[in-house]
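Visitor: Turn this into a structure:
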Amino acid sequence: MSRIYTRGGDRGETGLRGELRVAKSDPRIEATGEIDELNATLGVARAEMGEPMKELREIVERMQHELFILGAELASAPPPEGTATTAPQIAKRHTARLEADIDRFYAPFVGLNTFVLPGGGRVGSRLHLARTVARRAERSLVRLSKEHPVRPEVLVYLNRLSDTLFSLALAANLIEKYREIHPDYTR
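Guide: Predicted coordinates for the structure are as follows:
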């Protein structure tokens, strides 16, 4: 990239990979923006993770790389009929890794059968925020899938990502010695 501005978007359009120009309000661009926001939110959480959370930090960084794969897939123009895409794609292996992370980090909380107040320590709170951004991105992808083809692997991946973030938030709070608070429905 020789410069950061191209002036190509000055009229409310942007380009997809593959030279197709679409409105910035196109659902593909909306969904890609949600994924970008999620990635930035994870970056803030990762920046808070010190040495005791090295393993969580590495997982979050891996997620950030995977979100770039997801964003590239969403921002790619459909290939001509009968040809394979050259865009990076989310694969079942990405989801399988998330499921392994959930199983591992949720294990101490397997008896948890109620909601918890989003919060805790600095990292846990940021991971809860990232979880809610992931859920919003997931809703955006569902809306997108009503207008444009979205591979099922993408929807499954994003659903599992938010579950993973919940598990990591609980794990971070455990590391930071914050106890989970259950909602009080009598207030």
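Visitor: only C-alpha atoms for contact and neighbour calcs from this point on.
Guide: Fine.
Visitor: low-confidence ranges in the chain?
Guide: 1-20, 22-25, 77-80, 82 (pLDDT under 70).
Visitor: now do 80
Guide: For the chain, the stretches flagged by pLDDT under 80 are 1-25, 76-87.
Visitor: Now do the strands in the protein.
Guide: 13-15, 21-23 (DSSP state E).
Visitor: ok, His182 to Ile69 distance?
Guide: With distances taken as C-alpha to C-alpha, to the nearest Å, His182 is found 36 Å from Ile69.
Visitor: Between the two, tell me which one has more neighbours.
Guide: Comparing His182 with Ile69 by other C-alpha atoms under 10 Å, the one with more neighbours is Ile69, at 17 against 12.
Visitor: CA atoms only: put stretch 134-150 into CSV for me.
Guide: Provided in CSV are the C-alpha atoms of stretch 134-150 (Å, rounded to 0.1, in the frame of the first residue of the first chain):
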residue,chain,number,x,y,z
ALA,A,134,-18.9,-10.8,18.8
ARG,A,135,-22.7,-11.4,19.4
ARG,A,136,-23.5,-8.2,17.5
ALA,A,137,-21.2,-9.3,14.6
GLU,A,138,-22.9,-12.6,14.6
ARG,A,139,-26.3,-10.9,14.2
SER,A,140,-24.9,-8.9,11.4
LEU,A,141,-23.7,-12.0,9.7
VAL,A,142,-27.1,-13.6,10.0
ARG,A,143,-28.7,-10.5,8.4
LEU,A,144,-26.0,-10.7,5.6
SER,A,145,-26.8,-14.3,5.0
LYS,A,146,-30.4,-13.4,4.1
GLU,A,147,-29.1,-11.3,1.1
HIS,A,148,-25.7,-12.9,0.2
PRO,A,149,-24.3,-16.4,0.6
VAL,A,150,-22.5,-16.9,3.8
